[in-house]
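Colleague: Sharing a model prediction with you, sequence too.
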Amino acid sequence: MTSQAMTPSHDRGPETISAVLPAGTTIHAWIKARHGSAQGRLTAHVDGDPAVTVETSNPHEFEFRLLTLESGGETALSYDPVTTDVSVLYAFLQPSVLEEGIRLLHVGPANAAPEISGGYHFRPPFGWMNDPNGFGRFGGRLHLFYQHYPHSLRWNNMHWGHAVSDDYVNWTHLPVFLPPSDELAARADGRGGAFSGSAIALDGAGVRIFFTEHMKDREPEEQVQFTATTSDLVNVEPASLILPARPAELGLTTDFRDPYVFRGPDDKWKMLLGTRDREGGVILLYETDDPAAATGWTFLGILHRENRFGMTAAECPCMVPLDGPTSDPSTRWALIFGLLTSRDPATGRRNMTLANVGRFDGRTFSVEFEQELDFGTDAYAFQAFVDGAGPVGIAWLANWTDISKDIDMPTAMTLPRRLALQGGALITPPIAATESLRQRRLDVEGLLDGRTVDLANGSVEIVLGLKEAGNEFRLVFEHPEATLEVQLNEHGLSIVFSVGSAKASPRYIAAGARPSTIRIFLDAGSIEVFADDGRWTGTKRLPGFKGVSAARLIAPAGNVLTAEIWQLGL
């Protein structure tokens, strides 16, 4: 099935969504009663004959209902808008859904994805998205789970969304994977849900996922850890509680979340969890002897702490080997984590992500050096796994600082990035598959001559080669809502960004950077800068869903030796 939105008819009486669907089709529906006094009801007819009806009495939140069509044909899904709200309807065939994906039948105006011309970043088909979860290769294909609220473009009770890919670039949307518990899903009050986590392949068949269940004001623990398995990567078995409480006597806050599970140097499963105490962010380490990672999780101790930014919460930790097998004691590992509420006093940037590189023996981590993962800070909740020759990661292309109750934000993931050691630093270049996005070249001569160059829909890659490392330049962009440029000078490499003049914007700078090559990816809602093969990487969310319309290069004669501009698209 191909993704296709169907438009309800607006004749008098019930509203109807029509589609031709084959026998055996599964339909996922989220419906809500408009009034407590009347049932919400959705009825499916196939070739004019009633097939199945689902109901709900809940007027507070959309409830999930499953419909299965025994026979195929012209299908009409009808409901009375006086009594019933419908948030999402999609259909799929269970045996082929991993290849064909879901077919959207209906999405309400409150949760419909924005129309974007030529966008190439991963976005959900509807609703809100934040952290990547369970990023990995399972059954030979790439899977991306993510924090998801299907019924609005704003954050609320958390589900896990799901997509699959063969190349990290083209993604097929799959059914919503992990809904919150019935108790948490009863009201749209943001009480909690299935928060972030990870996934591992099991020996034999199947995948095990790990996630935090959050329930606001639950005593004594708001956040506890669950695990569940899936044998077909579409349907998940009932979850089991594995960590019901924080470690005692460490003075930790109720933050206790985002389990990241990986194979350690001793071939045991390890789990990282993020938390905080009154001094700063803390990362906890657990392990189990259970080959299936289902039970027996034991607390080993604090793996790492970060106290320089006040009482910040370490969250979304991940850990991957960089330059050798996990069993080799000389292998260096990267420990990457976000710092919620952190603020860099020198630049005003918030919610930074740090990468510590060192050696890990299964119980202790010896840091050799540290660097910031992204000087633009809008590559948050980074999650990575080892795929073949080395680790690959992806992040939420956003920053919690930009979220308010009144302003929605473009929801997207960053381009996937490789992780490697080079010249004593951690580099994070975009994966090679991004070059498959290149469709045609745009006007390079105009850029080098200092003229304003039209960038069509703004989905472009710009590649600059400098005559000497650190040569100064400014690349000034025209954007409908923001001031935006990339500049390199004696202070370093910067993304200059501001919206309006109400307050000073943070300085998004890689201080002291002196690169010789720069790749800039522009898309509706984002800019990503990779200098010297990702030695310095900067990501910034841009407002709105319209791309940069034009660019102009300002540089002393001879500083910029080469330039390329590529129109990008899927």
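Modeller: Sure, I can see it. Model, not experiment: these values are computed from the prediction. Numbers count the residues shown, from 1 in each chain.

Colleague: how about the helices in this protein?
Modeller: 97-100, 444-448 (DSSP state H).

Colleague: just checking, what packs against the longest one?
Modeller: Helix 444-448 makes packing contacts with strand 550-554, strand 560-568 when contacts are defined by 3 or more C-beta pairs under 8 Å, 6 or more residues apart in numbering; DSSP states H and E. Where C-beta positions appear, they are placed from N, C-alpha and C, glycine not excepted.

Colleague: quick one, the last one and strand 550-554 angle?
Modeller: Yep, that's strand 560-568 we're talking about. Angle between the axes of strand 560-568 and strand 550-554 is 170 degrees (criterion: axes from the mean of the first three to the mean of the last three C-alpha atoms, to 10 degrees).

Colleague: Each with direction, which strands does strand 560-568 pair with?
Modeller: Strand 560-568 pairs in its sheet with strand 438-441 (antiparallel), strand 460-466 (antiparallel), by DSSP bridges.

Colleague: Indicate which one of these is closest to Thr212.
Modeller: Closest approach to Thr212 among those is made by strand 460-466 (36.5 Å; C-beta to C-beta).

Colleague: Can you flag the weakest of the helices of the chain by average pLDDT?
Modeller: Among the helices of the chain, helix 444-448 has the lowest mean pLDDT, at a mean of 90.

Colleague: hmm, who's touching that one?
Modeller: 452-453, 462, 551-553, 560, 563-565 (C-beta atoms under 8 Å, 6 or more residues apart in numbering).

Colleague: go again using 10 Å as the cut-off
Modeller: Helix 444-448 has contacts (C-beta atoms under 10 Å, 6 or more residues apart in numbering) with 451-454, 462-464, 475, 551-553, 555, 560-566.

Colleague: Pipe the strands paired with strand 560-568 into TSV and attach mean pLDDT, mean neighbour count and distance to Ala425 per row.
Modeller: Output for the strands paired with strand 560-568, formatted as TSV (pLDDT from 0 to 100; neighbours: other C-beta atoms under 10 Å; distance: least, C-beta to C-beta, whole Å):
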stretch	mean pLDDT	mean neighbour count	distance to Ala425
strand 438-441	95	12	27
strand 460-466	97	22	19
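
Colleague: will you turn the ones you listed into JSON lines that also has distance to Ala228?
Modeller: Listed next are the strands paired with strand 560-568 as JSON lines, based on distance: least, C-beta to C-beta, whole Å:
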{"stretch": "strand 438-441", "distance to Ala228": "40"}
{"stretch": "strand 460-466", "distance to Ala228": "39"}
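
Colleague: right, and those strands - which one's nearest Leu415?
Modeller: For those, proximity to Leu415 was assessed by C-beta to C-beta; strand 460-466 is nearest, at 10.1 Å.

Colleague: And the closest one, how far out from the chain middle?
Modeller: Taking C-alpha atoms, centre = their mean, to the nearest Å, one finds the center of strand 460-466 at 26 Å from the center of the full chain.

Colleague: cool, stretch 484-498 as well?
Modeller: Stretch 484-498 sits 26 Å away from the centroid of its parent chain (C-alpha atoms, centre = their mean).

Colleague: same check, this time on stretch 343-356
Modeller: 20 Å.

Colleague: Buried ones in it, by neighbour count?
Modeller: Neighbour counts using 16 or more other C-beta atoms under 10 Å place 343-344, 347, 349-356 of stretch 343-356 among the buried residues.

Colleague: out of these, who's nearest Pro179?
Modeller: Asn351 (27.2 Å).

Colleague: which ones are touching that closest one?
Modeller: Residues near Asn351 by C-beta under 10 Å, 6+ apart: 309, 312, 315, 338-344, 377-378, 380-381, 398-402.

Colleague: Which of the residues you listed fall within strands?
Modeller: Counted as lying in strands by DSSP state E, out of the contacts of Asn351, are 315, 338-340, 380-381.

Colleague: Determine which two of these are furthest apart.
Modeller: Farthest apart among the ones in strands among the contacts of Asn351 by C-beta to C-beta are Leu339 and Ala381. That separation is 11.5 Å.

Colleague: Name the residues contacting each of these two.
Modeller: If you check Leu339 and Ala381 against C-beta under 10 Å, 6+ apart, the residues they both contact are 315, 351, 353.

Colleague: Quick check: of the residues you listed, which lies closest to Ala91?
Modeller: Using C-beta to C-beta, the shared contacts of Leu339 and Ala381 come closest to Ala91 at Glu315, 35.8 Å.

Colleague: pretty sure the closest one is touching Ile336, no?
Modeller: No: using C-beta atoms under 10 Å, Glu315 is not in contact with Ile336; the gap is 11.2 Å.

Colleague: Now do the shared contacts for these two.
Modeller: Common neighbours of Glu315 and Ile336, counting by C-beta under 10 Å, 6+ apart, are 353, 381.

Colleague: Would you map the strands across the stretch 101-250 of the chain?
Modeller: Counting by DSSP state E, counting those that start in this stretch, one finds strands in the stretch 101-250 of the chain at the ranges 103-107, 128-138, 141-149, 159-165, 171-173, 192-201, 207-215, 223-230, 240-243.

Colleague: and of the ones you listed, who's closest to Phe365?
Modeller: Phe365 lies closest, by C-beta to C-beta, to one member of the strands of the stretch 101-250 of the chain: strand 192-201, at 17.9 Å.

Colleague: Could I get the buried residue list for the closest one?
Modeller: Those would be 192-200, for strand 192-201 by 16+ other C-beta under 10 Å.

Colleague: ok, now stretch 79-87?
Modeller: Neighbour-count burial for stretch 79-87 flags 79-80, 83-87 (criterion: 16+ other C-beta under 10 Å).

Colleague: Now that stretch: average pLDDT?
Modeller: Mean predicted confidence for stretch 79-87 is 96.

Colleague: Endpoint to endpoint, that stretch covers what distance?
Modeller: 12 Å (C-alpha to C-alpha, to the nearest Å).

Colleague: could you check the distance from the closest residue in space to Leu142 that isn't next to it in sequence over to Phe385?
Modeller: In space, and not counting its chain neighbours, Leu142 is closest to Ser165: 4.5 Å by C-beta to C-beta, 6 or more residues apart in numbering. Using C-beta to C-beta, to the nearest Å, one obtains 14 Å as the distance from Ser165 to Phe385.
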